[in-house]
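Trainee: Structure, please.
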Amino acid sequence: MHWQSLIVALLVTACSAYAMWTLMPAAARRTLAQWMLKLPLPMLLAAKVERAARATSGCGCDGCDRSELKAKSAAKANAAQPLTFHPRPPR
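Mentor: A predicted model of the protein is given here:
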């Protein structure tokens, strides 16, 4: 029974830490990540923490607004499109 309680306590602690990290505001997460980078972390964890320590632009675009596809889709959106009216089905 003792090992089972220890495993449950570890799982609950890990899930709580994940939930706090996910729901934490970005500024607080960035500050905490910068503090964690001073600690000796494994390479895999350090890479994720380093990514979280960098400031983001505020949108999830990652450069998609500079692509040629946007110019093509903007031209297509500006083209005239016919309206189609669908009658309501009888009740």
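Trainee: can you give me how far the helix or strand containing Val12 is from the chain middle?
Mentor: Assigning secondary structure by DSSP states H and E places Val12 in helix 2-23. Distance, stretch centre to chain centre, for helix 2-23: 22 Å (CA atoms, centre = their mean, to the nearest Å).
Trainee: which element follows it toward the C-terminus?
Mentor: Per DSSP H and E, the helix or strand that comes after helix 2-23 is helix 26-36.
Trainee: Show me what that next one packs onto, helices and strands only.
Mentor: If contacts are counted by 3 or more CB pairs under 8 Å, 6 or more residues apart in numbering; DSSP states H and E, helix 26-36 sits against helix 43-53. Heads up, the C-betas are built off the backbone N, CA and C, glycines and all.
Trainee: what about 10 Å?
Mentor: helix 2-23, helix 43-53 (3 or more CB pairs under 10 Å, 6 or more residues apart in numbering; DSSP states H and E).
Trainee: Show me what counts as buried in the shortest one.
Mentor: To tie it back to what came earlier, the one meant is helix 43-53. Neighbour counts over helix 43-53 (16 or more other CB atoms under 10 Å) mark Val49, Ala52, Ala53 as buried.
Trainee: Worst mean pLDDT across the helices and strands of the protein, which element?
Mentor: helix 68-78 (a mean of 66; mean pLDDT, DSSP states H and E).
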